[in-house]
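S.K.: Curious how this folds, go ahead:
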Amino acid sequence: MRVSELTIKQLAIIAEIRDALAAAGVRWWLFGGWGLDARIRRLTRDHHDIEFWVYHEDAEHTREALVGRSFTVRTTAHPEESQEFEKDGVRISSAFLYGEGAVQPACAGRWSDWRFPSNSFDCPPGRLGELEVPVMSVEGMLAMKEQFPSLRNGRPLRDKDVRDIKLLRKLLAAGSDAPTSL
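M.R.: Got it, this is the predicted structure:
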């Protein structure tokens, strides 16, 4: 896969997020397309945004850490669910987990019916090239994708979601830490 300028920019931003949140003592986990790529340790496609989880109680620390690195705060219609940022034209979303240590329910607002396996946030880091990053577990990302159409605010799966589910199932069958040969 050819690595686009956008992908290079997003990788640099992920490194900035990692460093800023580590310095602030904020625990976080990539999910979505970048989470999948980090878990399987290879690029699957270009991504439109960067998504990661943080605990709601760390929202202010997250905002301060990223604003301190010249990220711009964007307005969000659902501040109980996430906070949105932008840097160099890249959209970034930090979705909120509620109830540290408890993942049932983990979300508020429109997504309070989402359920995650207990190991969703207790797994080894992933890799994006040389960049090691915290990432949601294979089981957690698979649960997110599979539940999405049946959530009260869900939508039908897109083609990329169907491909991701197939890849996540294959990865799960091979063992959570299986690298790039899928």
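S.K.: residue contacts, K9?
M.R.: By CB atoms under 8 Å, 6 or more residues apart in numbering, the residues touching K9 are D88, G89, V90. C-beta here means a position set from N, CA and C on the backbone, and glycine is covered the same way.
S.K.: What is the nearest of these to N153?
M.R.: V90 (25.0 Å; CB to CB).
S.K.: Any figure for the gap between the residue most central in space within the chain and M141?
M.R.: Nearest to the mean C-alpha position of the chain, counting by CA atoms, centre = their mean, stands F31 at 2.1 Å. Going from F31 to M141 by CB to CB, to the nearest Å gives 6 Å.
S.K.: What of C107?
M.R.: Distance of C107 to M141, computed by CB to CB: 15 Å.
S.K.: And those two? Which one has more around it.
M.R.: Remark: of C107 and M141, M141 carries more neighbours, 26 against 23, as counted by other CB atoms under 10 Å.
S.K.: Let's verify the more buried one: helix, strand, or coil?
M.R.: Taking DSSP: H, G, I helix; E, B strand; the rest coil as the rule, one finds M141 in the helix state.
S.K.: Same question for I92.
M.R.: Secondary structure, three-state DSSP: I92 is strand.
S.K.: I'd assumed Q10 was in contact with it.
M.R.: No. Contact criterion CB atoms under 8 Å: I92 and Q10 do not qualify, at 9.1 Å.
S.K.: got any residues that touch both of the two?
M.R.: I50.
S.K.: Would you map the strands across this structure?
M.R.: For the chain, strands defined by DSSP state E occupy the ranges 28-31, 49-55, 72-74, 82-87, 90-97, 126-128, 131-133.
S.K.: a markdown table please, covering those strands and showing distance to F116 and mean pLDDT.
M.R.: What follows is the strands of the chain, written out as a markdown table (distance: least, CB to CB, whole Å; pLDDT from 0 to 100):
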| stretch | distance to F116 | mean pLDDT |
| --- | --- | --- |
| strand 28-31 | 10 | 96 |
| strand 49-55 | 10 | 96 |
| strand 72-74 | 25 | 98 |
| strand 82-87 | 16 | 96 |
| strand 90-97 | 9 | 95 |
| strand 126-128 | 17 | 96 |
| strand 131-133 | 19 | 97 |
